[in-house]
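Trainee: next comes the sequence, and after it the predicted model I'd like to discuss.
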Amino acid sequence: MQSVVDLARLDLNDADKVRNLDADMLMYANDALSRAYAIRPDLKWGNFGAPFVELALTDPFPLDLEYRKAVADFIVACCETHDDAFAVEQRAIQAMKIFMNDMGFPR
């Protein structure tokens with residue numbers, strides 16, 4: 001999960017970890033995964049009945065790596081909306097659209 005948080009930091013220009021806490025970004029990553037499982041239960045690979053358990057930074061990313069960027073985009077959208085809802089609204093909306101598209105969510 002740390003790699004997903006670090007990937008999001010690249011888009012946020014926050015490599016020094018000054019603007020966003022790892023804990024907040026991990027919370028957003030867990031939100032992205034729980035939403036993904038709710039809308040796309042096929043992503044759980046046979047564990048359809050298992051409840052979602054929040055992951056720690058040291059846990060492995062639970063999906064195929066092709067979904068890692070989508071989760072990072074969700075983190076970016078949440079962080080930017082949290083920073084300033086008006087100044088970065090369009091960028092946050094775009095990041096959320098990319099997440100939805102990359103996860104294969106129905107429109």
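Mentor: Structure's in. What do you need?
Trainee: burial of the closest residue in space to residue 105 that isn't next to it in sequence, as a residue count?
Mentor: Take residue 105 and drop its neighbours on the chain: the residue closest to it by Cβ to Cβ, 6 or more residues apart in numbering is residue 39, 5.4 Å away. No exception for glycine: its C-beta is placed from N, CA and C like everyone else's. Counted by other Cβ atoms under 10 Å, the residues lying close to residue 39 total 14.
Trainee: in this protein, which residue is closest to the centre?
Mentor: The chain has residue 71 as the residue nearest its centroid, 3.0 Å off, counting by Cα atoms, centre = their mean.
Trainee: grab the nearest non-local neighbour of it.
Mentor: Excluding its sequence neighbours, the residue lying closest to residue 71 (Cβ to Cβ, 6+ apart) is residue 32, at 4.6 Å.
Trainee: helices or strands up against the helix or strand harbouring that neighbour?
Mentor: Assigned by DSSP states H and E, residue 32 belongs to helix 22-39. Counting contacts by 3 or more Cβ pairs under 8 Å, 6 or more residues apart in numbering; DSSP states H and E, helix 22-39 packs against helix 2-12, helix 68-83.
Trainee: contacting residues for residue 4?
Mentor: Going by Cβ atoms under 8 Å, 6 or more residues apart in numbering, residue 4 touches 29, 61, 68, 71, 72, 75.
Trainee: now those in TSV, with pLDDT?
Mentor: Listed next are these as TSV, based on pLDDT from 0 to 100:
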residue	pLDDT
29	97
61	94
68	94
71	94
72	94
75	94
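Trainee: just the buried ones among those residues, please.
Mentor: Buried members of the contacts of residue 4, counted by 16 or more other Cβ atoms under 10 Å: 29, 61, 68, 71, 72, 75.
Trainee: what's the farthest-apart pair in those?
Mentor: For the buried ones among the contacts of residue 4, the farthest-apart pair by Cβ to Cβ is 61 and 75; their separation is 12.5 Å.
Trainee: between the two ends of stretch 52-70, how far is it?
Mentor: 18 Å (Cα to Cα, to the nearest Å).
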